[in-house]
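Peer 1: the following block contains a protein sequence and its predicted model.
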Amino acid sequence: MSVQFEQVPLVGTGASPADDVDTWLASAPVHALVEAFARTSDDRNLLEALAAAKGEPSDRLAALDTFTDRWDTRQGLERNQAAELPLTAEQQELVLAAATALSLRGGARLRFRRYDHVLVLGGLIRACLVRPAYAAHLISTGQIEAGAITALGGHRPFVGDEFQLAAEAGAPELDEEYEAMDFGTRRAFGLSEPERVEGEVSDLPGGTWGVRHYRTDRGVAVHVVAAPSSEPGVRRANTPDSYDFFARRLAELQPGQRLLMVTTPIYVPAQHAAAVRMLALPFGVEVDTVGNEPAAVPGAPAANFSATKYLLEVRSAVRAMRQLIASL
């Protein structure tokens, strides 16, 4: 019989983020993942703490974060450069079942029909093409209405197979995330030239930013953003950096407004937790995060991720929750 778990609510969708984290940490799929990769007495202590909801959530998250170091095959690399873990067939089956229950394989739902802002999150080249197309699909099919659309990325140079994938998409000139997000957004929404372009160039890697402002034929504002890093010279901009730039430079967020993040299912838990921390809590807005459905976008590749990739994103979710709990 195949492994199955009950669905675990996304952190940030319940009564309080702290309670949501407690529920997540004590859930069957999280416990099963730790048990399947446990090696030491410390790991057994972690299992007991998770099952009994023992200690502060911040302490359990810190211990779980340390535990997930054994899954970190990125070691500072981009996701498409990460090596694969030597997993058994049983471990692979368990990981996929846990990923399904933890909303890394779809399942997030739209709660509203109208969103004041739709944020399309950047990533590797496929994401820069598929996510804008999925956002456009949600709007064109009447599933949602958008007050404004913002594609959030950064000046991240392509690595690995991204150059080949760009060429296969008919855009061999692309060589970085911001340009790919601009290409994907213009294609998805049928945009011509930008109405306005702004930006600032920095000598520090990750310090340069830019925004291209468009408008659809129906008058909806569309922005394509390269956000700066909050640690220029150290790393590229990440998702929280792009949320912060959006809130500070592009939007005048008001309590009660509704925001929708569009990403890939595997990244939903981590990016939703970051949206709760960076946008929902400080500004009093409602945030939803959904992953694209490949079947809804013609020509979109199926999201076939390995068990290792799911473990990496469980790790990302843990780290996002640590930041969320620390901010409360």
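Peer 2: Done, it's in.
Peer 1: send the alpha carbons of stretch 224-236 over as PDB?
Peer 2: Extracted C-alpha coordinates of stretch 224-236, given in PDB (Å, rounded to 0.1, in the frame of the first residue of the first chain):
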ATOM      1  CA  VAL A 224       8.300  43.900 -14.000                       C
ATOM      2  CA  VAL A 225      10.800  44.200 -11.100                       C
ATOM      3  CA  ALA A 226      14.500  43.400 -10.500                       C
ATOM      4  CA  ALA A 227      14.700  43.800  -6.700                       C
ATOM      5  CA  PRO A 228      18.000  44.600  -5.000                       C
ATOM      6  CA  SER A 229      19.500  42.300  -2.400                       C
ATOM      7  CA  SER A 230      19.300  43.300   1.300                       C
ATOM      8  CA  GLU A 231      22.900  42.000   1.400                       C
ATOM      9  CA  PRO A 232      24.500  43.300  -1.700                       C
ATOM     10  CA  GLY A 233      28.000  41.900  -2.400                       C
ATOM     11  CA  VAL A 234      27.100  38.800  -0.300                       C
ATOM     12  CA  ARG A 235      24.200  37.200  -2.300                       C
ATOM     13  CA  ARG A 236      21.600  37.800  -4.900                       C
END
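Peer 1: right, and V3 touches L94 too?
Peer 2: Yes. Judged on C-beta atoms under 8 Å, V3 makes contact with L94 at a distance of 5.4 Å. For every residue, glycine as well, the C-beta is placed using N, CA and C.
Peer 1: now list whatever residues contact both of the two.
Peer 2: A32 (C-beta atoms under 8 Å, 6 or more residues apart in numbering).
Peer 1: the more surrounded of those two?
Peer 2: Per other C-beta atoms under 10 Å, whichever of V3 and L94 has more neighbours is L94, with 22 against 15.
Peer 1: now do the SS call for that one.
Peer 2: Assigned with DSSP: H, G, I helix; E, B strand; the rest coil, L94 falls in the helix class.
Peer 1: contacts only, for it.
Peer 2: Contacts of L94 by C-beta under 8 Å, 6+ apart are V3, A32, L33, A36.
Peer 1: selecting buried members of those residues in PyMOL, what would you type?
Peer 2: PyMOL command restricting the contacts of L94 to the buried ones, with burial defined by 16 or more other C-beta atoms under 10 Å:
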select buried, resi 32+33
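Peer 1: point out the least confident member of the contacts of L94, please.
Peer 2: Lowest pLDDT among those: V3, with 87.
Peer 1: for the nearest residue to it once chain neighbours are set aside, grab the count of nearby residues.
Peer 2: Closest residue in space to V3, ignoring its immediate chain neighbours: A97 at 4.0 Å, by C-beta to C-beta, 6 or more residues apart in numbering. Using other C-beta under 10 Å, the number of residues around A97 comes to 19.
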